[in-house]
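J.: Sharing a model prediction with you, sequence too.
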Amino acid sequence: MKKLFGHPVTRRTRRFARRVVVTCAVIFAVTFITTLSVDLGPALRARAETAATQYMGRPMHIGRLSVHLWLGRFVVEDLVIEGLTPESRPFLLADRITVSMPWSTLVSRRVVFDAIEMRGWRMYVETFPDGRHNFPRFTRNTPRGPSAWTTTLQYVRAYQGEFSYADHGTPWSVVARNLDVTVGRPTSEYRGQARFSNATIAIQSYAPMNADMRTSFRIVDGKIVLDRIELTTDGAQSELTGVVDIGRWPEQTYQIRSLVQLPKMREIFWANDTFSLSGESRFTGTFHLFREQIGDRTRTGRELTGDFHSVLAGINDFRFSDLRGSVRWVPESLDVTNATTGVYGGTARFNYRMAPLGQRNLPALARLDAQYEQVDLTTFTDFLETEGIRLAGRASGRNLLEWPLGRYAEHRGDGSIVVEPPGNTTTLSREMSAAQRAEAERRGREWEAFSNHLPLAPLPLRAEIVYAYGPEWVDIGPSRLATPDTYVELEGRTAYGERSRINFHVTSADWQESDRMFAGVLTAFGLRTSVIPVGGHGTFDGVMVESIRRPRIEGQFAGDQMRAFDVVWGPVEGRAIIQNSYTDVSDVIVGTGSAVMRVDGRFSLGFPRADGGEEINARIRIARWPMTDLRHAFDLDDYNVDGSFSGEFHVFGPYLNP
């Protein structure tokens, strides 16, 4: 046996076997160490928690801390960085953070983190009206002395994340889901990319918006320089650049260019209102978030400023061309200033303000102050498709509208309108001139076949109107309107067309044309009214009560060269009540000298009546009136009867067969 074990072949075999065993042992050891993850235990975990807590000034907790020895990879699981108080929502929750640090660089006194990955994380940042925030202290304000060691970070990725920001002062918030951030150092500076999707942005009590974002950025001197941000929100497509100063959180500034869809903005910011917006607008501006000192207190400030422009924008059916202006939005107010637009052949300027914002128990007030010039009334009434009447002239004026936000029913305001007729149009005044009276008489003699049309051509108008309005009433101050044949003064109030009481004076150079105008106005208000054959000139002083669509008009009238039933009756005066397309007259005196009529009764304003009602029911007392006028009025010209006529009559039934 001794010879056998001492044989050269046997010795060579034994040496080979030992080498195989050693090699297998080394392979096994390397494999074991490479895959071995060592839990560093509660002592080291506690030291890491304490060091991080002292550095950030905020408690940090680690669920498990382990290391892959061979790879130099540290793994932190279930990490928590607390909020401002133990009861507050945590600043950061992370399922797993992996830090890769090769051991070989320690020989040259270099700490190199070649990769840090964070997976399954949720960060929550909040700011308060007094300037407090929950962002931990990640940078040192005091300079450190020189060190023989250097620290380098090569690559960071945080994915499957969610970032939430809440400004409790405004308030507004954003929740960015599916957030993926990558940072690397391909050159001397850090560069990165970030994206999120299905985010939610909520501003005050307005409807929340969805958002998607993609950006590229650099890290320069402790600041995140965002080279390009592509942001898509409900109703807007935006491109931004910006700078975030982490060391001075929440200091950050963004330059914005947006294309905004106005219909979607209405759904978001005026969700409970029923008006509609149309068109799109471009916005260029700056958003700045910062900390500011006001007196002895600090708060988080916010300012959005910029300019907007819309080629064509609409509110309901109204359209406004070349709409442009400036906007400034801060925590206390929203201001739209220097806004201008084209409006139906004219121009308008307006300012809009909402303030104070963000104050409890003090509702914000919205204020829209608009001025307009040279609005073409023909273009405007053509757009309105007013039935019965179109107007001609240029309107200028001002309108102030105020209301508590969310309570538009409590709106109020005031305004004034001045209208100039087109060209060299001459309009009537309260006192007719001799020339105007002569012209009216000339037109009265040039009788033509009667037409009951309402004004077909646009009616030239001159006007001065002042008004004020509130939740229930529209108050009309001393105002006047004039056309070539009609002059009107009015003053009173109406409950937006109902429960009205408006005192007025009318001077007419031609009652026929005045009747066309009044019938056209009533038709435009929804009460279809026809024209009756009537002529002459005169005045009417009265009051209109009840609904504008179903008015009751009472007053005293006086006229001359009055024409009806194709007869000129001369001067007329008396009292009248107009309602339900009837005129009830009393104490009416027609004519002068020896030929006089006295009339009391009811006359229909148009026939045949749609309601089948009686067309005439009057008592007429006649003294020495020429028979020729009576024969012609009642279509009895074939009866050869002349002279004067006297009597007392009760006339009733239809006009054509009384």
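T.: That came through fine.
J.: how much space between the residue nearest to the spatial centre of the chain and residue 316?
T.: Centroid check for the chain by CA atoms, centre = their mean gives residue 266 as the closest residue, at 5.7 Å. Residue 266 sits 11 Å away from residue 316, going by CB to CB, to the nearest Å. The C-beta positions use only the backbone N, C-alpha and C, and glycine is treated the same way.
J.: shared neighbours, the two?
T.: 275, 276 (CB atoms under 8 Å, 6 or more residues apart in numbering).
J.: starting at the chain centroid, how far to stretch 413-431?
T.: Centroid displacement of stretch 413-431 relative to its chain, using CA atoms, centre = their mean, to the nearest Å, is 32 Å.
J.: returning to that earlier point: give me the nearest residue to the residue nearest to the centre of the chain, chain neighbours excluded.
T.: Distances taken as CB to CB, 6 or more residues apart in numbering put residue 277 closest to residue 266, at 4.2 Å, once the chain neighbours are dropped.
J.: Give me the next element, helix or strand, following the helix or strand hosting residue 174.
T.: In this assignment (DSSP states H and E), residue 174 forms part of strand 172-184. As assigned by DSSP H and E, the chain's next helix or strand after strand 172-184 is strand 190-203.
J.: That following strand - which strands sit beside it in the sheet, and in what orientation?
T.: strand 172-184 (antiparallel), strand 209-220 (antiparallel) (DSSP bridges).
J.: What is the neighbour count of the nearest residue to residue 574 once chain neighbours are set aside?
T.: Counting by CB to CB, 6+ apart, residue 588 is the residue found nearest to residue 574 once chain neighbours are left out, at 3.1 Å. For residue 588, the neighbour count with other CB atoms under 10 Å is 18.
J.: pretty sure residue 588 belongs to a strand, no?
T.: Yes. Per DSSP: H, G, I helix; E, B strand; the rest coil, residue 588 lies within a strand segment.
J.: Touching, it and residue 573? I think so.
T.: Yes. Counting by CB atoms under 8 Å, residue 573 is a contact partner of residue 588 at 7.2 Å.
J.: Determine which of the strands paired with strand 190-203 approaches residue 239 most closely.
T.: Among the strands paired with strand 190-203, strand 209-220 comes nearest to residue 239, with 10.2 Å by CB to CB.
J.: Tell me how far that closest one lies from the chain's centre.
T.: 28 Å.
J.: what's in contact with the helix or strand following that strand?
T.: Next in sequence after strand 209-220, counting helices and strands by DSSP H and E, comes strand 223-233. Identification of contacts with strand 223-233 by CB under 8 Å, 6+ apart yields 201, 209-219, 237-247, 254.
J.: Next, the angle strand 190-203 makes with strand 223-233.
T.: Inter-element angle recorded for strand 223-233 and strand 190-203: 50 degrees (by axes from the mean of the first three to the mean of the last three CA atoms, to 10 degrees).
J.: How far off centre is strand 223-233?
T.: On CA atoms, centre = their mean, the centre of strand 223-233 falls 27 Å from the chain's centre.
J.: With stretch 180-192 instead?
T.: 42 Å.
J.: just so I have it, where are all the helices in the stretch 301-450 of the chain?
T.: Under the criterion DSSP state H, counting those that start in this stretch, helices of the stretch 301-450 of the chain are mapped to 377-384, 434-445.
J.: With distance to residue 646, mean pLDDT and mean neighbour count as added columns, please give those in CSV.
T.: CSV is the format used below for those (distance: least, CB to CB, whole Å; pLDDT from 0 to 100; neighbours: other CB atoms under 10 Å):
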stretch, distance to residue 646, mean pLDDT, mean neighbour count
helix 377-384, 50, 93, 17
helix 434-445, 27, 71, 15
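J.: Nearest to residue 135 among these would be which one?
T.: helix 377-384 (54.1 Å).
J.: by contact count, what packs against that closest one?
T.: If contacts are counted by 3 or more CB pairs under 8 Å, 6 or more residues apart in numbering; DSSP states H and E, helix 377-384 sits against strand 391-392, strand 394-404.
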